[in-house]
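Undergrad: Here you go, sequence then predicted model.
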There are 2 protein chains.
Amino acid sequence: MILTATEAARRISSGTLTAEAYARSCLEAVAAREPVVRAFAALDAEAALRAARELDAGPSRGPLNGVPFAVKDVIDTADLPTEMGSPIWQGYRPRVDAACVALSRAAGGVMLGKTVTAELAYVAPGPTTNPHDPAHTPGGSSSGSAAAVAAGMVPLALGTQTGGSVLRPASFCGVVGLKPSYGAIARPGMKLMADSLDTIGLMARTVEDANLFLAVLTAERPEPLPDIAPPRIGLCRTHLWDLAEPAAREAVENAARRLEAAGAVLRDVALPPDFAALTEARVTINDHEISRALAWEWEYRRAGLGGRVAATVERGRAIPRAAYAAAQEAAAAARARFPEAMAGCNALLTLGAAGEAPEGLASTGDSRFQGLWTLLHGPAVGLPTHCGPKGLPVGIQLVAPRHADRHLLAVTRWAMDRLGSPS
Amino acid sequence: MILTATEAARRISSGTLTAEAYARSCLEAVAAREPVVRAFAALDAEAALRAARELDAGPSRGPLNGVPFAVKDVIDTADLPTEMGSPIWQGYRPRVDAACVALSRAAGGVMLGKTVTAELAYVAPGPTTNPHDPAHTPGGSSSGSAAAVAAGMVPLALGTQTGGSVLRPASFCGVVGLKPSYGAIARPGMKLMADSLDTIGLMARTVEDANLFLAVLTAERPEPLPDIAPPRIGLCRTHLWDLAEPAAREAVENAARRLEAAGAVLRDVALPPDFAALTEARVTINDHEISRALAWEWEYRRAGLGGRVAATVERGRAIPRAAYAAAQEAAAAARARFPEAMAGCNALLTLGAAGEAPEGLASTGDSRFQGLWTLLHGPAVGLPTHCGPKGLPVGIQLVAPRHADRHLLAVTRWAMDRLGSPS
């Protein structure tokens, strides 16, 4: 397994590793795994090595100096196509890098390639397989980003989440997924689908790496996560609890027991009952917004849209504005009440996904377990702490109210240090 | 003066006017006024006439059938450059139309050209002059859109508002400006600057036209505005009242008196005192978000950024995340409290701008009088009801809580019918 981003950046800056050697180790993993995993939609090994050599030839550019990263293919890059998993966008070459890519490169990151996305970051999957078992989905829509990090091809990758598109593939592939607060990572250059939900997030192998990458992506000075006292953690089953597989429920309850044994204050936290309606509100908002966001595709390239996207546009166009407004008002009210609903906890511990990655590649899985938190606009971190009966990863999720990203990462690091990954 | 959009669409659909003849009437106004007004950044008269003839040759495509519209040059169009008032973006040709342009065209609209924007929809003005007096600013940043509509070059134009970029030029140029609820018009293809504030809006000559265009832009079936009973209108001076010129204050008070005389229930409405802090909160949010949104320009084309944009990026990068989060939370709380702050009114009547358009082209004017309402995310309509001591337009503004767009337009139509334009 390749070095973490944090360790690699440290070694490259201190001269005990070259950016080129590190990039080569990533490319070796790509060569070994990509024929089966199929994480990349586009990759230019020579350009990456050239960029690495340039970094080696100069002073450190920043905290990601020499660290390769991959970019979900709904995020613009100037020097590789951005095809969005859609025939409509085949061959599309944006003029400039998305803001998040520009920040990553300016900090010394080496853009390795574009990762496979479900069609238009929605539900129809691409060719990526789960690195733990190619007969299973990697999840989606940030399929390639999760798979690339899980397969050791790259230590960091950018994803996007509108429903569960970062946290679900992170859970299925066994990596750390971070969906920061809505808006925390600037969106210029990202394909907007459901504008009030779309959030840029990231995949990493460690919480430390996620913290480093988030700082770069938000144009802040990276700082190590503080050591914290044992936190107060709310075990929050939500109205979706019974819909999850036993393995997912057991992962959460096992994590709760072990964190309590390690000194955390655990309590059961039930969200206000009306929060259950947020699952449907998210779908209303999603469908209404997508049906307008895809106006160009719908009006001029309708035949190029997959059936499920087209059906969503039709559904969304039929939603009355009053219903959309009511869903938005319910979401806004829930966001305002969420800090109090946390009942004094530093974070809520909840299901990361429905269970292990489903078999087959036809579906990327159920987004409801992540979508509730996406709607609440707060940070959510997926941790690869457990395995299911098939030996596939089962993640847990820690969430907090909007803007508490750094605090949540500190709690998450505390938890991950105590839970560890399954052997 | 050319026909309104509503009237032209009606005549074109009934066969008493051709789309081509209507487009020619617009182009004649362009030929007559553009040398001084300089509203357009790009215009392709032949393409517009070709599109009009195609519409004339077929059945009606929709409610804008044959109606020319102009597009602020920060909104993507596939067949004309999108240069954003910035040397960095010179010659940029997006692959596809923005969603709002696609919706307009699909409804039969004829894209006439791109209108001048202040640099990156911010503060540094382009060459546009005020159609009422070329020695005065048209306002900004949607300078060309307001001027083009005011000069009778086009009945409808798209703008964007992050502070006051639709309503201020509408007031200075004497046209109807509509900034709908945040998010009401889908943003794919618009240059994002301050993501949580950026709102696509429009200019028109009548409230009826604004209503028609809004329906098209939100993919809803256009419906005439309902006749309403005399509304309850709150005269809301805000904490900015004393900063406005006498002419602007008199316009609001005069409008209030006349609406009351016409049957409206008028009352004074004072916003909660802490709303005064929202003016500064908007600047904090604006600067923080712009400083991240322009990451590519800042990292790779810094020399191409004007001084005021560059200074904003520097200021924004220095704002601590906690201060940004506090500003966002204050804004969210104010949005939630705003319906109650309306004290039972159907709309608030307030200042449209600081006064008449300032002399000279160096500044586009003060955005605070519009920015407060932009931050509150509700619809705001500017009405060209008054004139100042120099004979230049002075608008009033009517606002309502988010999602009340249709209701506000109905109230606005009621008000405009009674106030009329200055002779």
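TA: Now that the structure is in, tell me what you want to look at. Numbers count the residues shown, from 1 in each chain, chains lettered A, B, ... in the order given.
Undergrad: Give me the neighbour count for residue A:311.
TA: 12 (other Cβ atoms under 10 Å in any protein chain shown). Backbone N, C-alpha and C define where each C-beta goes, glycine included.
Undergrad: what about it, helix or strand, and which?
TA: helix A:307-317 (DSSP states H and E).
Undergrad: what helices or strands is that helix leaning on?
TA: When contacts are defined as 3 or more Cβ pairs under 8 Å, 6 or more residues apart in numbering or on different chains; DSSP states H and E, helix A:307-317 sits against helix A:278-293.
Undergrad: And the helix it packs on, how far out from the chain middle?
TA: Computed by Cα atoms, centre = their mean, to the nearest Å, the chain-centroid distance of helix A:278-293 equals 20 Å.
Undergrad: Same question for stretch A:346-354.
TA: Worked out by Cα atoms, centre = their mean, stretch A:346-354 lies 15 Å from the chain centre.
Undergrad: Only the C-alpha atoms, please, for that stretch, written as PDB.
TA: Output in PDB follows, covering the C-alpha atoms of stretch A:346-354 (Å, rounded to 0.1, in the frame of the first residue of the first chain):
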ATOM      1  CA  ASN A 346     -20.000  16.400  19.800                       C
ATOM      2  CA  ALA A 347     -21.000  14.100  17.000                       C
ATOM      3  CA  LEU A 348     -23.700  11.600  16.000                       C
ATOM      4  CA  LEU A 349     -22.700   8.100  15.200                       C
ATOM      5  CA  THR A 350     -24.900   6.500  12.600                       C
ATOM      6  CA  LEU A 351     -25.200   4.100   9.700                       C
ATOM      7  CA  GLY A 352     -22.600   4.600   7.000                       C
ATOM      8  CA  ALA A 353     -24.600   2.700   4.400                       C
ATOM      9  CA  ALA A 354     -27.200   0.000   4.100                       C
END
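Undergrad: Let me see the mean pLDDT of that stretch.
TA: Taken as a whole, stretch A:346-354 carries a mean pLDDT of 98.
Undergrad: ok, back up a step: which strands and helices lie in contact with the helix or strand that the helix holding residue A:311 is followed by?
TA: Sequence-wise, the next helix or strand downstream of helix A:307-317 (DSSP H and E) is helix A:321-341. Applying 3+ Cβ pairs under 8 Å, 6+ apart, we find helix A:321-341 packed against helix A:278-293, helix A:368-376, helix B:321-341.
Undergrad: in stretch A:415-423, what's buried?
TA: A:415-416, A:418-419, A:421 (16 or more other Cβ atoms under 10 Å in any protein chain shown).
Undergrad: List the buried residues of the helix holding residue A:311.
TA: For helix A:307-317, by 16+ other Cβ under 10 Å, it's A:309-310, A:312-313, A:315-316.
Undergrad: can you put the buried residues of stretch A:415-423 in CSV and add distance to chain B, pLDDT and secondary structure?
TA: Shown next, in CSV, are the buried residues of stretch A:415-423 (distance: Cβ to the nearest Cβ, whole Å; pLDDT from 0 to 100; DSSP: H, G, I helix; E, B strand; the rest coil):
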residue, distance to chain B, pLDDT, secondary structure
A:415, 22, 98, helix
A:416, 23, 98, helix
A:418, 27, 98, helix
A:419, 28, 98, helix
A:421, 30, 90, coil
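Undergrad: Now do the closest residue to residue A:310 other than its chain neighbours, the pLDDT please.
TA: By the measure of Cβ to Cβ, 6 or more residues apart in numbering or on different chains, the closest residue to residue A:310 outside its immediate chain neighbours is residue A:302, 6.9 Å from it. Per-residue pLDDT puts residue A:302 at 98.
Undergrad: just the one 4 residues further on next, same as before
TA: At residue A:306, the pLDDT value in this model is 98.
Undergrad: How about the one 5 residues further on?
TA: The predicted local distance difference test score for residue A:311 is 98.
Undergrad: picking that back up, quickly name whichever of the buried residues of stretch A:415-423 is closest to residue B:257.
TA: Nearest to residue B:257 among the buried residues of stretch A:415-423, counting by Cβ to Cβ, is residue A:415 at 63.9 Å.
Undergrad: so who does that closest one touch?
TA: A:231, A:233, A:255, A:259, A:264, A:349, A:383, A:398 (Cβ atoms under 8 Å, 6 or more residues apart in numbering or on different chains).
Undergrad: repeat that with 10 Å
TA: A:207, A:231, A:233, A:255, A:258-259, A:262, A:264, A:347, A:349, A:381, A:383, A:385, A:396, A:398 (Cβ atoms under 10 Å, 6 or more residues apart in numbering or on different chains).
Undergrad: Now list the buried members of these.
TA: A:207, A:231, A:233, A:255, A:258-259, A:264, A:347, A:349, A:381, A:383, A:385, A:396, A:398.
Undergrad: Closest to residue A:167 out of those?
TA: residue A:381 (8.1 Å).
Undergrad: pLDDT score assigned to the closest residue to that closest one other than its chain neighbours?
TA: The shortest distance from residue A:381 to any non-neighbouring residue, by Cβ to Cβ, 6+ apart, is to residue A:412 (4.6 Å). In this model, residue A:412 is scored at 98, pLDDT.
Undergrad: Also residue A:422?
TA: 87.
Undergrad: For the residue nearest to it when sequence neighbours are not counted, give me its contacts.
TA: The shortest distance from residue A:422 to any non-neighbouring residue, by Cβ to Cβ, 6+ apart, is to residue A:387 (4.3 Å). Residues near residue A:387 by Cβ under 10 Å, 6+ apart: A:132, A:174, A:247, A:251, A:356, A:393-394, A:421-423.
Undergrad: Relative to residue A:393, how far out is residue A:387?
TA: 6 Å (Cβ to Cβ, to the nearest Å).
Undergrad: got any residues that touch both of these two?
TA: With Cβ under 10 Å, 6+ apart as the test, residue A:387 and residue A:393 both reach A:132, A:174, A:251, A:356, A:421-422.
Undergrad: on that earlier part again, with respect to chain B, which of the buried residues of helix A:307-317 is nearest?
TA: Here the nearest of the buried residues of helix A:307-317 to chain B, counting by Cβ to the nearest Cβ, is residue A:316; it sits at 8.7 Å.
Undergrad: List phi and psi for the spatially most central residue of chain A.
TA: In chain A, the residue lying closest to the centroid (Cα atoms, centre = their mean) is residue A:166, at 2.5 Å. Backbone torsions of residue A:166, given as degrees, to the nearest 10, read phi -100, psi -50.
Undergrad: ok, what's across the strand from the nearest residue to it once chain neighbours are set aside?
TA: Leaving aside its sequence neighbours, residue A:166 sits nearest to residue A:201 (Cβ to Cβ, 6+ apart; 3.7 Å). Counting by DSSP bridges, residue A:201 is bridged to residue A:159.
Undergrad: Could you check how far residue A:201 is from residue B:202?
TA: 33 Å.
Undergrad: can you check residue A:160 too?
TA: Separation of residue A:160 from residue B:202 (Cβ to Cβ): 29 Å.
Undergrad: Compare those two (neighbour count), which wins?
TA: Here residue A:160 and residue B:202 are compared on neighbour count by other Cβ under 10 Å; more neighbours surround residue B:202, at 31 against 28.
Undergrad: Now for that one: which residues touch it?
TA: Residue B:202 touches B:69, B:72, B:100, B:104, B:142, B:145, B:149, B:156-160, B:166, B:170, B:175-180, B:185, B:209-210, B:213-214, B:216-217, counting by Cβ under 10 Å, 6+ apart.
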